[in-house]
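Engineer: can you look at this prediction? I've put the sequence above it.
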Amino acid sequence: MNPDRVHALIVGIERYDAGPAWDLPGPARDAVAFHRLLRAAGVPEEQLRLHLAPLPPFVPAVPHRPADRTTLRRVLVRELPREQGDVLWVWWGGHGVLDRSGHLRLFCADATTADKLGIDLDSALDRYAGDAVPGFGEQLWVVDACESFEEDLAFREPLPPDALPAGRRNHAHRQTLLRAAGRGRVAANDPERGTGLFSEILLGLLAEGAAALPAPPDPEGLFPAVRSRIAALREAGHTLQYPEIRLQGPERTEIVAPAPAAAVARPASPLQRAVTALLAYPLMQDPAERQAVVASLDPGVSGTLARHSKARTDAVGILNGLARRRPEALWDVFDAVVSLDDDPELKDELAAALRELETSVKRRRDRK
C-alpha cells in the first residue's frame, strides 16, 4: 500500500461548549495515538486531518485543527471529496446518541445542551458510498461513542434532521464501520487513564499489526479479537457494550452480530423497571384507584401530568412527568401507593426501581 494514497480524518473530542458535565477525558489522547500510528506507517502529515478538543492537562504535541461542527462538516463535504486517494481512515472519539430514526449522531465540540451540534454518521457514510466522493474506494470508519437512545436521555427537544448532502449511489466503494457501543448502549471510558476501552483495545491490535499499515486490516480478522477482549471486560463488570461491525461493498452488505441475540437483548431501562414495579400493584390497574394515587400528589405537580385511560401509558406519563419536573417527587408516588397496599415484596422492588430512575434522571441532568 502506497502511503501517499492514504488519507485520514481523526477526531477526538474531550471538551464541549456544554460545560464540564460533558467532559470526557480520553478521546483526544486516543486520536493522537492513532495519528502517531499512521505517521509511523509513512502517511504524509498533510494527509492526516487531526481535529481535537482536548481537556487539560493534556496538551497535544502535534498540530491540530478545531473539532467544531462547521469545521468538521467542511472537511467531510468539501475538503476530503476533492482528494484522489485510494484509502480513507476515519477515527472519531467523543459523545454520541442514537436518534429516533436510528441514526448515530456524533456531537461536535461546540455542542451545548440547547444546541446539540453534531454530524449524522449514517448520512456521512451514505455520502462517502456514492459519486459525491469519487476517490477512497477502501474506507475504514472507527467510532468510539455512546449509542444511548435519544428518548432515554430526556432531551427537551428532539434532535432535528441534519443529513449531509449525498450524491448518486454506486458500487465503487467498500466501507467497513466499527462501532464501539452497540445499539442503545454506552461506550465505556477510563477517565483515570484517559482512554476509551474500545479505542485502547483497537489501538493495541493495530500496533501489533503495524507492519501492514497504512492499509486497513482485514475487518473479519480484526473484529473477533476486539469482540473477545470486550467480552472479557463485560464479564469483569467494566462495560456493557457490544461492539458492532458493518461491511458494505460491491459484493456484500452485512452487519456482523457481536453475540447471540439472547446475550445482547437490551436490559430494561430505569423507566421501564419503574413502570413494571408500579403496575405490579393491582390497584394501579384500576382507573379510579390510579386517580386516587395522583390526587394525593402536590396539585401543582399532578395537574401537569399527561394522563391516559390505559394503565401502562398512564404510568409512563405519571413517572415521566414527575421525573422531569422534580425527580424527588417520584417518592410521593411511592408513599401514595404503599399507603394503599403495603405488600413488602412489591414495596421493596418499587423502592429500588424508583431509586434507579431518580439516579438516572439526575445523571442525565448533570450531563446536560
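Structural biologist: Perfect, I can see it now. Numbering: from 1, shown residues only.

Engineer: the longest helix in the chain is where?
Structural biologist: In the chain, with assignment by DSSP state H, the single longest helix is helix 344-367.

Engineer: helices and strands around it, which ones?
Structural biologist: For helix 344-367, the packing partners by 3 or more C-beta pairs under 8 Å, 6 or more residues apart in numbering; DSSP states H and E come out as helix 270-279, helix 311-325, helix 330-340. To be clear about C-beta, it is placed using only N, CA and C from the backbone, and glycine gets the same treatment.

Engineer: flag every buried residue along the longest one.
Structural biologist: It stands for helix 311-325. Going by neighbour count (16 or more other C-beta atoms under 10 Å), the buried part of helix 311-325 is A311, D314, A315, V316, G317, I318, L319, N320, G321, L322, A323.

Engineer: how about the CA coordinates for the longest helix of the chain, as PDB?
Structural biologist: The C-alpha coordinates for helix 344-367 follow below in PDB (Å, rounded to 0.1, in the frame of the first residue of the first chain):
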ATOM      1  CA  PRO A 344     -43.400  -5.900  51.400                       C
ATOM      2  CA  GLU A 345     -42.100  -7.500  48.200                       C
ATOM      3  CA  LEU A 346     -43.800  -5.100  45.900                       C
ATOM      4  CA  LYS A 347     -42.700  -2.200  48.200                       C
ATOM      5  CA  ASP A 348     -39.000  -3.300  48.000                       C
ATOM      6  CA  GLU A 349     -39.000  -3.600  44.200                       C
ATOM      7  CA  LEU A 350     -40.800  -0.300  43.700                       C
ATOM      8  CA  ALA A 351     -38.400   1.500  46.000                       C
ATOM      9  CA  ALA A 352     -35.400   0.000  44.200                       C
ATOM     10  CA  ALA A 353     -36.800   0.900  40.800                       C
ATOM     11  CA  LEU A 354     -37.700   4.500  41.800                       C
ATOM     12  CA  ARG A 355     -34.200   4.900  43.300                       C
ATOM     13  CA  GLU A 356     -32.700   3.800  40.000                       C
ATOM     14  CA  LEU A 357     -34.900   6.000  37.900                       C
ATOM     15  CA  GLU A 358     -34.200   9.000  40.200                       C
ATOM     16  CA  THR A 359     -30.400   8.400  39.900                       C
ATOM     17  CA  SER A 360     -30.700   8.000  36.100                       C
ATOM     18  CA  VAL A 361     -32.600  11.300  35.700                       C
ATOM     19  CA  LYS A 362     -30.200  13.200  37.900                       C
ATOM     20  CA  ARG A 363     -27.200  11.900  36.000                       C
ATOM     21  CA  ARG A 364     -28.700  12.900  32.600                       C
ATOM     22  CA  ARG A 365     -29.400  16.400  34.000                       C
ATOM     23  CA  ASP A 366     -25.800  16.600  35.200                       C
ATOM     24  CA  ARG A 367     -24.500  15.700  31.700                       C
END
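
Engineer: so which residues of the stretch 101-250 of the chain form helices?
Structural biologist: Using DSSP state H, counting those that start in this stretch, the helices of the stretch 101-250 of the chain run over 121-127, 197-208, 219-235.

Engineer: which one, of those, ends up nearest to E151?
Structural biologist: Using C-beta to C-beta as the measure, helix 121-127 is the one of the helices of the stretch 101-250 of the chain that comes nearest E151, at 17.8 Å.
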